[in-house]
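>>> here's a sequence, model it:
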Amino acid sequence: MKFLNVLNKKFFVASSFFLAIPFSLTSFAASNKKPKICLVLDKGGKDDKSFNQSAFEGFTKAINNKKLNISPDSKYVTVREDTQSQQFIRSFSSGDCALVIAVGFNNADTVGKLAKNFPKQKYVLVDSLINEPNVRSISFQEHEGSFIVGYIAAMKTKTKQVSFIGGMEIPLIKRFAMGFEAGVKKYNSEIKITETYVGVTSSAWNNPSKAKEIALSKYNQGNDVIFVAAGGSSQGVFDAVAEVNKNKKSSTKFIIGVDSNQNHIAPGLVLTSMEKKVDDKVYKSIEDFVENKFTTGVIKYGFADSGIDWSHDKHNEKLYTDKELKEIERIKNEIIENKIKVPDYYTVGKKN
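Here you go, the predicted model:
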């Protein structure tokens, strides 16, 4: 893929080198004015088996779709340090990127500021809310998905103890936690829930050893299901669930993944994943832009819009009975029909 080769030569450079030598963003004319799409990933990167990887897959799918006629010089970069967010997005905004896509709340402030400075530039911001006339903000109803996986956790726990592990205690992750707790309590109000966070700085999203330490402690204290929403740190929890189930004839401890379908990471040990359809929505945004159907504003995707779901596939299908599947589907439909009001930290939590 040409766009990746270009990237490797020009973008994965040290920060000091980035400051000294600006990126080359002058290939728009040479590509017969095919739109160049530029993607900025958050720290997890394209191989995080989660949110960033899903966004990258949607981006790649669009680039490879010849019908969309996108420039092969389209690029992606990964923010490794906080200061790079503004550097990358500003460079893309002042260059020849027709559409700039920024992933993750860590890039939200930068997009908000630069959207004002570059009013003609079109942006897509994934997983944050910004109201600017040139920005499409894509958000997901995480509380709805978290409610379902909380219900599943309660359905499957044997010890009546479950846990939530988040990256940082910020509103977005508290939204997951609140939805998860509500789902657990919907099934059985007597189940004990603990809530723990990996850290208090952005490094919390890339500290799998700390997350593993927390998860092992939770499992050893009797929790038999852990829902994790901690970016790159989540891998530590997957390592922990594999360790505690090692050499056992049947699984007794489980994990619930997040953002993308992570069932395949530890087949039989992942109850499900709270899946955001990031790949679909990134692809759709690019398609809309190319086909002159692009609109700006805030778009919220939930169950009703096929923006989120719980993952059920060959890797976890043996964990459920037909009766349980029907019950889960019933709860999901009641959320869609507003028969179940899922508490949202963005509205409920901030009042407390």
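
>>> who touches the most centrally placed residue in the chain in this structure?
Centroid-nearest residue in the chain, with CA atoms, centre = their mean: F51, separated by 3.0 Å. By CB atoms under 8 Å, 6 or more residues apart in numbering, F51 lies in contact with D42, G44, V103, G104, D127, G231, D259, S260, K276, V278. Glycine gets a C-beta too; all of them are placed from N, C-alpha and C.

>>> so how far is stretch 71-80 off the chain centroid?
Going by CA atoms, centre = their mean, to the nearest Å, the spacing between the C-alpha centre of stretch 71-80 and its chain's C-alpha centre is 19 Å.

>>> end to end on that stretch, go ahead and measure it.
Counting by CA to CA, to the nearest Å, you get 26 Å between the two ends of stretch 71-80.

>>> flag every buried residue along it.
For stretch 71-80, a neighbour-count test (16 or more other CB atoms under 10 Å) marks S71, P72, D73, S74, K75, Y76, V77, T78, V79, R80 as buried.

>>> from the contacts of F51, which ones fall inside helices?
Judged by DSSP state H, these include V278 as members of helices.

>>> which of the contacts of F51 ranks first by neighbour count?
The most crowded member of the contacts of F51, judged by other CB atoms under 10 Å, is G231 (30 neighbours).

>>> excluding its backbone neighbours, what's nearest P119?
Nearest residue to P119, sequence neighbours excluded (CB to CB, 6 or more residues apart in numbering): N134, at 5.8 Å.

>>> OK, contacts around the one you found?
Per CB under 8 Å, 6+ apart, neighbours of N134: A115, F118, P119, K120, Q121, K122, Y123, T296.

>>> closest one to K36 out of the contacts of F51, please.
V103 (17.4 Å; CB to CB).

>>> just the strands in the chain please.
With DSSP state E as the criterion, the chain has strands at 37-41, 75-78, 99-103, 122-126, 135-140, 161-166, 192-197, 225-229, 254-259, 270-276, 297-301, 308-310.

>>> make JSON lines out of the contacts of N134 and add pLDDT.
JSON lines is the format used below for these (pLDDT from 0 to 100):
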{"residue": "A115", "pLDDT": "96"}
{"residue": "F118", "pLDDT": "96"}
{"residue": "P119", "pLDDT": "95"}
{"residue": "K120", "pLDDT": "95"}
{"residue": "Q121", "pLDDT": "97"}
{"residue": "K122", "pLDDT": "97"}
{"residue": "Y123", "pLDDT": "97"}
{"residue": "T296", "pLDDT": "96"}
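
>>> buried only: go through these for me.
Here, 16+ other CB under 10 Å leaves A115, F118, Q121, K122, Y123, T296 buried among these.

>>> still on that earlier bit, quick one: the residue nearest to the centre of the chain and G150, what's the gap?
Using CB to CB, to the nearest Å, we find F51 at a distance of 20 Å from G150.

>>> domain map for the chain?
If you go by automatic domain parsing, the domain ranges for the chain are 2-140+278-305, 142-275+321-351.

>>> how far is the longest helix anywhere in the chain from where the chain is centred?
Ordering each helix of the chain by length in residues (DSSP H) puts helix 171-187 first. Chain-centre distance of helix 171-187: 17 Å, with CA atoms, centre = their mean.

>>> what comes into contact with it?
With CB under 8 Å, 6+ apart as the test, helix 171-187 has contacts from 105, 127, 142-155, 162, 164, 166-167, 191, 193, 195, 197, 227, 229, 258, 274, 331, 340, 342-346, 348-350.

>>> E169 against T196, yeah?
No. Counting by CB atoms under 8 Å, E169 does not reach T196; the two are 9.4 Å apart.

>>> ok, the two, which is more surrounded?
T196 (18 against 15).

>>> wait, isn't the more buried one in contact with M168?
No. Counting by CB under 8 Å, M168 is not a contact partner of T196; they are 11.5 Å apart.

>>> tell me how far the closest residue to E57 other than its chain neighbours lies from D259.
Among residues not flanking E57 along the chain, D279 sits closest, at 4.5 Å (CB to CB, 6+ apart). D279 sits 11 Å away from D259, going by CB to CB.

>>> what is in contact with these two at once?
With contacts taken as CB under 8 Å, 6+ apart, D279 and D259 have S54 as neighbours in common.

>>> can you give the distance of stretch 295-302 from its chain's centre?
16 Å.

>>> now stretch 97-105, how far from the centre of its chain.
Stretch 97-105 sits 15 Å away from the centroid of its parent chain (CA atoms, centre = their mean).

>>> would you list every one of the helices in the stretch 251-352 of the chain?
278-290, 322-336 (DSSP state H, counting those that start in this stretch).

>>> picking that back up, turn the buried residues of stretch 71-80 into JSON lines, including distance to A211 and pLDDT.
Shown next, in JSON lines, are the buried residues of stretch 71-80 (distance: CB to CB, whole Å; pLDDT from 0 to 100):
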{"residue": "S71", "distance to A211": "39", "pLDDT": "95"}
{"residue": "P72", "distance to A211": "38", "pLDDT": "93"}
{"residue": "D73", "distance to A211": "37", "pLDDT": "94"}
{"residue": "S74", "distance to A211": "33", "pLDDT": "96"}
{"residue": "K75", "distance to A211": "31", "pLDDT": "94"}
{"residue": "Y76", "distance to A211": "26", "pLDDT": "96"}
{"residue": "V77", "distance to A211": "26", "pLDDT": "94"}
{"residue": "T78", "distance to A211": "20", "pLDDT": "93"}
{"residue": "V79", "distance to A211": "20", "pLDDT": "91"}
{"residue": "R80", "distance to A211": "19", "pLDDT": "88"}
